[in-house]
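Novice: Provided below for reference: sequence and predicted model.
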Amino acid sequence: MAEDIAIVAFAQTPCYRKYNDSEPSMILGLVNQIVEEVEIDRHEIDFTIAGSCDYLTGRAFAFIANVDGYGAWPPVYESHVEMDGAWALFEAFVRLQMGDIDSALIVSSGKSSPGAPREIFPLQTDPYVGAPLGLDPVSVAGLQARALLDSGKATERDFAEVVSRSRRDGLSNPFAQVAKDVSVDTLLKEPYYCSPLRKHDLPPISDGASAMLIARGKRARELCERPVWIRGIDHRIESHHLGLRDLTDSPSTRIAARNLGLDAGSLDVAELCVRYSPEEIVLRQALALGDGTRINPSGGPLCGHPVMTSGLTRVGEVARRIRNGEAARGLGHATSGPALQQNLLCVLEGDA
Amino acid sequence: MLAAKHAYPRRWPESTKRGTGPDKILPPPVADSSLLSQQGVVIMAEFPISFTLEYPYTRTLGPVIGPFLTALRDGRILGIRCGDRVLCPPMEFDPDTGETLRPDLVEVGPSGTVENWTWVAEPSRKHPFQEPFAFAQVKLDGADTTMTHAVKAVGQAAMSTGMRVRAQFREERTGSIGDVYFVPEDDARDQSIAPGEGEVEISTHLISLTYDDTLYPHAARYAQGLLDGKFIGQRISGDKIAIPGKGYDALARVMLTEADDVELATTGTVLSYTVLTPVKYRGQTETEPYLSATIILDGAGQSLTQQDIRNIPLDEFRVGMRLRAIFKPAAERRVDDVDNDWMYPSIGDVVERWEPTGEPDVALDELPESM
C-alpha cells in the first residue's frame, strides 16, 4: 500500500499567447508563491523535479537555465523529465514512496510562442515513416475526429459542444488565454481547418508554467490546513503506429483507470487534458464518466495550452477545487503524444 | 533583499472573475478566438531575433525498414507477415507480443482503401505538399493495417472514407517514406520505375526548425545600451552587477526592472586569456595566432569572456592589464548575436578594440572576483 502523499500547494501563471520574458522568470515567481504560501524555507524542500521541452524554444539545455527558477543555491537535489509536469509529479510521487524524504516540488513550464508547434511535434512520431511526412498532432487530431464521426460515436455538434462549454467555463478562469461565450450553432458555421476539425477545436498556442508542492502524510499536515491526498496515479502508453490503434477509444486510459480501481461515479470533478475537442469524447467514454462528474470547469487546455504544463495544471485545478470545498473527490488527467497516445490519471481526495 | 514590489503574488489565487488573479507583472489574459493568429498580448518588437535549429539525423535502418525503404525507392511497397496478418508499414516486432518478427516481407498495394482521412487546408512547411491535401490512413491491398500518408486530391469533396487510392512514386526517390504518395484511383497514372542500385541502409533526416522571438525587456535594454556605446548591467544580490542581467535575481529570487539597470564603466581588467593558434578546417578564416581574453569591467561582478584582442602583441599581454573598450562608430555597431540566452552572452559587434589605458596593472592577488 502506497504511503499517503498530498498536494499541499499549487500555483500557475496565466496562459499567454506570448510571454515576453524568460521561462526561469515564470518559474521563479511560482516557486516564490508556493514557498510563501506554505511558509517554509525553500531549502526545506527535499526534492525538485521539472518537466519541460527544449525543442519548444529551440534552446539546447534550456532546462538547465530553468534551474535558476527554483534556485540552485544552496545546491538542490533535482531531476528533470522531458515530459509534461504530470509525469514529473509521477516521479516525485514514486520518489517519496522510498520514505527517506518528505517533500517534493514539481515544476512545469513551456513557451511555444517562439517556435512552430506544428513543425516541432512531428518529431514525436516514428522517425522513419511519420516524422519525415511532417505528421503533426493537429492532422492526427483530424484523423481521430473523422474516426469518431465514421464510427457513430460522435457528431460535429458534439465537438462544438465541448468547445462552447469549455470556452464559456474559461470566462471564470483568471488564467485562461482564450475564453468566450459562443454558441454551438455559431461554431458550426466556421470553416474547416483540418476537417472535420475547425480552428476552434484546437488549443491556442500558449506560454506558461505551473508548480506544485507535495508531501508525505505528517509533513503534509504541517504544511497546510487542507491537504489534498493523491489516492492513486498511473500512466499507460499505446503504439506509435496509428494503424495499430483504435483512435475512437483510449485503451491506455482504461487500463490506467482499472489499475487505480477508479470508480467513475465517485468523481465530483474531472480535469481532462483535452487539447482537441474530440479527445474529450474519447476520454469520457473510456473513463465511463457520467453526468455527476463536472468536466473541465477550468475550461481545460482549449482555453490555454502551455505545452508541458497542461497536464500538471489539470491535477492542480482539481486539487484547488477539493481544497476550497467545491469537490470531495476528483480526477486529473494528462496526455502526451498524438491523439491521446499516452495517458496519466491521478485521483485526488480531500479529508473525509 | 530588493523591494518586495517585484515579487509575485503571495497567495494561491482563487478562481474569481477575470484579471484579478495574477500579479500585474504578468499581463492579463486576452479573450481571443483566432487561435493560431499572432493576436493576443501586444509586445514590443524592437529587437526581433530569429534563428534556425538544425540536427542532421542519420539512422541505420535494420532488417525490416531497410528493405521497406529500398522497395519504395524501387516503386514497390512491402508489408511484413505477423502471424496471419500483414503489417504495413512493416515493424520489426509483433506489436501484440513484442516478439522479433522474421523479415518475411510481402508486396502490398499499390492500390488500397482509405479507412480514415483529414483534409489539411493549411499545410505546414514540413508536409509532403504545400497545397491543401489529405492525410489518410490507407489500408493497402494485401495488408491488414493502415499506413498514414498523404493523398493528393483536387479538393476535400474528392475525399471519402472507403474510397480507393493508388500509390504514385516521385520522380526523385531517395529511399524514404516521402518517395511515395497516394491519389484517387481514377487520377492515377501508370509509372515505369527503374530500380536503384544497392540496398538502402541509412536514412538521413534533417531536422530544421526556425524560431522567431524578441529580446526580453531587460535584454533589449542591454542591446540598446551596446548600440549606444554603453555596458548596461543589472544590480543583484551582494551589491554585485551582472552583465548581462537575466531580468531576475536568482539568489534574492526577485524580478528586476529598469530601475535595477546600472551603466558600467568602459574600462576593465584582464582576468585571463588564451592564445588561439588557428588550425586549418573547412570554414576557418583565421590565419595568425590571436588573443581571446576574459575582461571584468570596473564595478562588474561578472566578466566578459571571449574578447578578441588583435591590437596588442601577444608577448605584451598580461593578466591584470588595464584596458578600455573603444566602441565602433555608432553606425557600424551591430547587436545581431545578442540573445535572450544568457548562458552564452555576447556583447555584439560594437567594440572596435580593447586599448591599454596605461594604468599600472592590478596585482594578481587583488584581481576582482567574477561570478
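Specialist: Thanks, I have it.

Novice: when you work out contacts or count neighbours from here on, use the C-alpha atoms and nothing else.
Specialist: Fine.

Novice: in stretch A:253-268, which residues are buried?
Specialist: If you call a residue buried by 16 or more other CA atoms under 10 Å in any protein chain shown, then stretch A:253-268 has these buried ones: A:253-257, A:260, A:262, A:264, A:267-268.

Novice: who's in contact with it?
Specialist: A:232-236, A:283, A:286-290, A:292-294, A:327-331, A:342-345 (CA atoms under 8 Å, 6 or more residues apart in numbering or on different chains).

Novice: so A:Arg275 touches A:His305, yeah?
Specialist: Yes: when contacts are counted by CA atoms under 8 Å, A:Arg275 is listed as touching A:His305 (7.4 Å).

Novice: okay, the two: which has more neighbours?
Specialist: The neighbour comparison of A:Arg275 against A:His305 (other CA atoms under 10 Å in any protein chain shown) goes to A:His305, with 31 against 26.

Novice: ok, the more buried one - contacts?
Specialist: For A:His305, the contact set (CA under 8 Å, 6+ apart) comprises A:15, A:203-207, A:275.

Novice: what about the nearest residue to B:Pro63 once chain neighbours are set aside, how many neighbours?
Specialist: Nearest in space to B:Pro63, with sequence neighbours left out and distances taken as CA to CA, 6 or more residues apart in numbering or on different chains, is B:Pro103 at 6.7 Å. A total of 18 residues lie near B:Pro103 under the criterion other CA under 10 Å.

Novice: so what pLDDT did the spatially most central residue of chain B get?
Specialist: For chain B, the residue nearest the mean C-alpha position is B:Leu53 (3.6 Å; CA atoms, centre = their mean). Here the pLDDT value assigned to B:Leu53 is 93.

Novice: from B:Tyr211, how far off is it?
Specialist: As judged by CA to CA, to the nearest Å, B:Leu53 and B:Tyr211 stand 8 Å apart.

Novice: now do A:Glu238
Specialist: For A:Glu238, the distance to B:Tyr211 - CA to CA - is 31 Å.

Novice: show me where chain B has helices.
Specialist: For chain B, applying DSSP state H gives helices covering B:62-73, B:217-227.

Novice: tabulate those (a markdown table), appending mean pLDDT and mean neighbour count.
Specialist: Compiled in a markdown table, the helices of chain B are given as follows (pLDDT from 0 to 100; neighbours: other CA atoms under 10 Å in any protein chain shown):
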| stretch | mean pLDDT | mean neighbour count |
| --- | --- | --- |
| helix B:62-73 | 97 | 22 |
| helix B:217-227 | 94 | 22 |
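
Novice: need the residues of the stretch 51-200 of chain B near chain A, please.
Specialist: Residues of the stretch 51-200 of chain B lying near chain A by CA under 8 Å from any CA of the partner chain: B:53, B:65, B:89, B:95, B:116-122, B:124-128, B:135-137, B:145-149, B:161, B:176-178.

Novice: give me the mean pLDDT for the host helix or strand of A:Arg167.
Specialist: Secondary structure assignment for A:Arg167, by DSSP states H and E: helix A:156-170. The average pLDDT for helix A:156-170 rounds to 98.

Novice: ok, back up a step: would you show me how to pick out the buried ones of the contacts of stretch A:253-268 in ChimeraX?
Specialist: Listed next is the ChimeraX selection for buried residues among the contacts of stretch A:253-268, using 16+ other CA under 10 Å:
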select /A:232,233,234,235,236,283,286,287,289,293,327,328,329,330,331,342,343,344,345
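
Novice: from the contacts of stretch A:253-268, which ones fall inside helices?
Specialist: A:283, A:286-287.

Novice: same list, those residues, but as CSV with distance to chain B and pLDDT please.
Specialist: Supplementary listing: the ones in helices among the contacts of stretch A:253-268 in CSV, determined by distance: CA to the nearest CA, whole Å; pLDDT from 0 to 100:
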residue, distance to chain B, pLDDT
A:Leu283, 20, 98
A:Ala286, 21, 97
A:Leu287, 23, 97
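
Novice: if I look at the closest residue to A:Leu283 other than its chain neighbours, how far off is A:Arg165?
Specialist: Spatially, and ignoring its direct neighbours in sequence, A:Leu283 is nearest to A:Ser250 (6.8 Å; CA to CA, 6+ apart). Distance from A:Ser250 to A:Arg165, counting by CA to CA: 22 Å.

Novice: who has more neighbours, these two?
Specialist: More crowded of A:Ser250 and A:Arg165, by other CA under 10 Å: A:Ser250, with 24 against 19.

Novice: ok, now which ones touch that one?
Specialist: A:282-283, A:286, A:340.

Novice: kindly report the same for B:Ile77.
Specialist: Contacts of B:Ile77 by CA under 8 Å, 6+ apart are B:68, B:71, B:107-110.

Novice: identify the bridge partners of it.
Specialist: In this entry, B:Ile77 is beta-bridged to B:Val108, by DSSP bridges.

Novice: confidence score at it?
Specialist: Reported pLDDT for B:Ile77: 98.

Novice: what residues are shared contacts of B:Leu53 and B:Tyr211?
Specialist: Common neighbours of B:Leu53 and B:Tyr211 (CA under 8 Å, 6+ apart) are A:Gly58.

Novice: all strands for chain A, in order.
Specialist: Remark: strands assigned in chain A by DSSP state E are A:5-12, A:47-51, A:78-81, A:103-111, A:192-195, A:197-198, A:207-216, A:228-237, A:269-271, A:294-295, A:329-336, A:342-349.

Novice: what does the first one rub up against?
Specialist: Read it as strand A:5-12. Taking CA under 8 Å, 6+ apart as the rule, strand A:5-12 contacts A:30, A:33-34, A:37-38, A:93, A:96, A:175, A:208-217, A:220, A:223-224, A:226-230, A:313, A:316, A:319-320, B:12-13.

Novice: how about B:Asn311, nearest residue that isn't a chain neighbour?
Specialist: Closest to B:Asn311 by CA to CA, 6+ apart is B:Arg353, at 7.1 Å.

Novice: ok, back up a step: from A:Pro306, how far off is the closest residue to the residue nearest to the centre of chain B other than its chain neighbours?
Specialist: Using CA to CA, 6+ apart and skipping residues adjacent in sequence, the residue nearest B:Leu53 is B:Leu209, 5.2 Å away. In this view, B:Leu209 and A:Pro306 are 19 Å apart by CA to CA.

Novice: with neighbour numbers in mind, choose between the two.
Specialist: A:Pro306 (29 against 18).

Novice: nearest to chain A: which residue in the stretch 251-371 of chain B?
Specialist: At 6.6 Å from chain A, B:Arg253 is the closest residue in the stretch 251-371 of chain B, using CA to the nearest CA.

Novice: look up how far A:Ala352 lies from the closest residue to that residue other than its chain neighbours.
Specialist: Leaving aside its sequence neighbours, B:Arg253 sits nearest to A:Leu28 (CA to CA, 6+ apart; 6.6 Å). Using CA to CA, A:Leu28 is found at 34 Å from A:Ala352.

Novice: neighbour-wise, which of those two wins?
Specialist: Per other CA under 10 Å, whichever of A:Leu28 and A:Ala352 has more neighbours is A:Leu28, with 26 against 5.

Novice: give the contact list for the more buried one.
Specialist: Contacts of A:Leu28 (CA under 8 Å, 6+ apart): A:68-71, B:253-254.

Novice: ok, and the most crowded of those?
Specialist: In the contacts of A:Leu28, the most neighbours by other CA under 10 Å go to A:Tyr70, 28 neighbours.

Novice: so B:Cys88 makes contact with B:Asp144?
Specialist: Yes: contact criterion CA under 8 Å: B:Cys88 and B:Asp144 qualify, at 7.4 Å.

Novice: between the two, who's got more neighbours?
Specialist: The residue with more neighbours, out of B:Cys88 and B:Asp144, is B:Cys88; 30 against 18, by other CA under 10 Å.
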